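Visitor: Quick one, fold the following:
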Amino acid sequence: MKKLSLLVLGLALACNSSQKTVSEAPQPKPMASPVAYAETITQEDLKEHLYTYASDEFEGRETGTPGQKKAVEYIKAHYESLDVPPAQSNGNYFQKVPLEVSKVPEGTMSINNTTFELGEDILTFSAAKGNYTNIVYAGYGIEDGDYSDYSGIDVTGKFVLIKAGEPVNENGMYEISGNMEKSVWSNASEAIGKKSDIAHSKGAKGILYYDMLSFPRFQGYFQFMKNNKSGRMQLASDNSDDILIYLNDAAAKTLKGDIEEDHVPKPITTDIKMDITSGNDEINSENVVAFIEGTEKPEEYVIISSHLDHIGVTADGQINNGADDDGSGTVALLEIAQAFKKAADEGNGPKRSMVFLHVTGEEKGLLGSRYYTDVDPVVPLENTVANLNIDMIGRIDPNYTGARNYLYLIGSDKLSTELHNLSEEVNKKYTNIEFDYTYNDENDPNRFYYRSDHYNFAKNNIPIIFYFNGTHADYHRPGDTPDKINYDLLENRSRLIFHTAWEIANRPSRLLVDKAAD
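Guide: Here you go, the predicted model:
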């Protein structure tokens, strides 16, 4: 009996041991609450950062200047103090962005023996030399869907004459949209770049561009650079033999007298002589890129960005401190990174990797972000889940008619319905900011969707949100100083962005891209 009892007892213990093993199988770790980490983003810390970052010592942080160098060193020191490592495999926080400033060119161009002066009748920002007799008129220079101005013409190695605007049929309807609504081809700023890209992809040597309405604006920009002995900054990789020359009414009609009435592409036999000289100066600048590796999906990335530069010092010595533009975005990003690092240190790091991207050259044409996306992505674009871009979130738009606790959101629904819905849900759960989508309208004349660094991600089919408080009287003026920032709003807006990034980084599946980029 004693042996039987012992046997029964042994079986019972074995059974209990087996049941205990099953019941203690590893379970998925529940996601920690982000609230405590969001609360580390405080008015006091934001203010302390900004009173340094937007101080006179940083001299307006113009791209390539000593003030901008102080800015990147400040950002780097912050990440080093947090022990947040650089994103680049070489161990450097600085991603060098090779830039050039093209000097304002000088010279003339003659068309059929009539001379036109640079800066008066024609405008260009690059050198152009040579004699050309075969020009191709490409009408509006558009290729979109079934419509193409390049059908039946060869522009390889030739200059292409293009005019502004888009085709309209005999019923007054726009051919591209198929209705009475203008398309992107009627937007002067965007259309020039798109039409130029098409012409160059067809092998064109250069472009002669006729836009009677916009010529005075281009001329004003040219004269400003000439008077200030400054040139256009660009990526060094942009420097090529491609030439873009703007023509005024007289120059365009000397080349083709019926250019306004005739829309049919065709070769033109003419005589053009170009004698325009220029030169380039190298500029050294850099993005700053820091990184927290994901715990479960380290090969997927959420990028939060802001631009570190501003417009520097005026001709009469006044400093444009850029506290809101984009000091507010920069210090918000520093604090958001700190919150994520605290979570990681406590074992609650994000499932996806976080990239904290401070870009240079935004004020010069989104150059730092374009270098990152188009030339040297630090992490693969195809594995980049989203970009949250912060550009001016510390002030109140004086034209805003709602409550002060608002924020303009741009682009959240352009590529991903899931991102838009997530953004709305996060805000209702944590911050209760009034979202204003005024500038998200495709027909908004400000075209802000195309004017900050998020656009270089969006064009690569990466879902984005652009956070923005709108412009104000101190925009791009010496009055944009730290004492005018609404630090309570900056705190709440920064926490919103942290919460949104947290949800994106920790959700089970990456955001679905269900819409196409423009």
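Visitor: can we go C-alpha only for contacts and neighbour counts from here?
Guide: Noted.
Visitor: Please enumerate the helices of this structure.
Guide: Along the chain, counting by DSSP state H, helices occupy 2-23, 35-38, 43-53, 66-82, 188-201, 215-227, 249-255, 329-345, 367-370, 417-430, 454-458, 487-506.
Visitor: looking at those helices, which is buried most?
Guide: Ranked by mean neighbour count under mean count of other CA atoms under 10 Å, these are led by helix 367-370, which reaches a mean of 27.
Visitor: In terms of residue numbering, what are the domains of this protein?
Guide: Listed domain ranges for the chain are 35-100+282-506, 106-278 (source: automatic domain parsing).
Visitor: for those, which one sits closest to residue 512?
Guide: Shortest distance between residue 512 and those, using CA to CA, is found for domain 35-100+282-506: 6.0 Å.
Visitor: Over the closest one, what's the mean pLDDT, rounded is fine.
Guide: In this model, domain 35-100+282-506 carries a mean pLDDT of 97.
Visitor: That one: how far from the chain's middle?
Guide: Relative to its chain's centre, domain 35-100+282-506 lies at 10 Å (CA atoms, centre = their mean, to the nearest Å).
Visitor: Any chance of the domains of the chain in CSV with distance to residue 515 as columns?
Guide: Output for the domains of the chain, formatted as CSV (distance: least, CA to CA, whole Å):
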stretch, distance to residue 515
domain 35-100+282-506, 5
domain 106-278, 17
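Visitor: out of the ones you listed, which comes closest to residue 516?
Guide: domain 35-100+282-506 (6.1 Å).
Visitor: before we move on, the earlier item: the helices of the chain into CSV, with extra columns for distance to residue 380?
Guide: Shown next, in CSV, are those (distance: least, CA to CA, whole Å):
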stretch, distance to residue 380
helix 2-23, 41
helix 35-38, 28
helix 43-53, 30
helix 66-82, 22
helix 188-201, 24
helix 215-227, 37
helix 249-255, 45
helix 329-345, 20
helix 367-370, 14
helix 417-430, 20
helix 454-458, 12
helix 487-506, 16
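Visitor: if we compare the ones you listed, which one ends up closest to residue 281?
Guide: The nearest among those, by CA to CA, is helix 215-227 at 14.6 Å.
Visitor: And that closest one, what does it pack against?
Guide: strand 122-123 (3 or more CA pairs under 8 Å, 6 or more residues apart in numbering; DSSP states H and E).
Visitor: Can you tell me which helices and strands the strand it packs on packs against?
Guide: Strand 122-123 sits against helix 215-227, strand 243-247, with contacts defined as 3+ CA pairs under 8 Å, 6+ apart.
Visitor: tell me the mean pLDDT over the last one?
Guide: Averaged over strand 243-247, pLDDT sits at 95.
Visitor: If I take that strand and helix 215-227, what angle do their directions form?
Guide: 120 degrees (axes from the mean of the first three to the mean of the last three CA atoms, to 10 degrees).
Visitor: Could you measure from the closest residue to residue 40 other than its chain neighbours over to residue 286?
Guide: Nearest in space to residue 40, with sequence neighbours left out and distances taken as CA to CA, 6 or more residues apart in numbering, is residue 339 at 6.2 Å. Per CA to CA, to the nearest Å, residue 339 is found 25 Å from residue 286.
Visitor: got it, and residue 335?
Guide: Separation of residue 335 from residue 286 (CA to CA): 21 Å.
Visitor: Which among the helices and strands packed on strand 122-123 is found nearest to residue 390?
Guide: Judged by CA to CA, the one of the helices and strands packed on strand 122-123 that comes nearest to residue 390 is helix 215-227, at 27.4 Å.
Visitor: What count of nearby residues applies to residue 132?
Guide: Using other CA atoms under 10 Å, residue 132 has 15 other residues around it.
Visitor: My error: substitute residue 452 in the last question.
Guide: Residue 452: 20 neighbours (other CA under 10 Å).
Visitor: show me the contacts for it.
Guide: For residue 452, the contact set (CA atoms under 8 Å, 6 or more residues apart in numbering) comprises 362, 366, 391, 466.
Visitor: go with 7 Å
Guide: Contacts for residue 452 (CA atoms under 7 Å, 6 or more residues apart in numbering) come out as residue 366.
Visitor: Residue numbering should commence at 16 henceforth.
Guide: Got it, first residue is 16 now, which makes that one residue 467.
Visitor: ok, what's across the strand from the closest residue to residue 283 other than its chain neighbours?
Guide: Nearest residue to residue 283 in three dimensions, chain neighbours excluded: residue 150, at 5.1 Å (CA to CA, 6+ apart). With DSSP bridges applied, residue 150 shows beta-bridge pairing to residue 174, residue 283.
Visitor: where does residue 150 land on pLDDT?
Guide: Looking at residue 150, its pLDDT stands at 96.
Visitor: quick one, what contacts the closest residue to residue 486 other than its chain neighbours?
Guide: Using CA to CA, 6+ apart and skipping the chain neighbours, the partner closest in space to residue 486 is residue 412 (5.8 Å). Counting by CA under 7 Å, 6+ apart, residue 412 touches 484, 485, 486, 487.
Visitor: so how far is residue 511 from residue 412?
Guide: Residue 412 is 19 Å from residue 511, by CA to CA.
Visitor: go on, residue 292?
Guide: Residue 292 is 51 Å from residue 511, where distance means CA to CA.
Visitor: where's the nearest residue to residue 52 once chain neighbours are set aside relative to residue 99, distance?
Guide: Sequence neighbours aside, residue 354 is the residue nearest to residue 52 in space, at 5.1 Å (criterion: CA to CA, 6+ apart). Separation of residue 354 from residue 99 (CA to CA): 11 Å.
Visitor: rewinding a little: let's have the contacts of residue 412 in JSON lines, adding neighbour count and distance to residue 365.
Guide: Output for the contacts of residue 412, formatted as JSON lines (neighbours: other CA atoms under 10 Å; distance: CA to CA, whole Å):
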{"residue": "484", "neighbour count": "22", "distance to residue 365": "28"}
{"residue": "485", "neighbour count": "20", "distance to residue 365": "31"}
{"residue": "486", "neighbour count": "16", "distance to residue 365": "34"}
{"residue": "487", "neighbour count": "15", "distance to residue 365": "36"}
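Visitor: Fine by me, we can end here.
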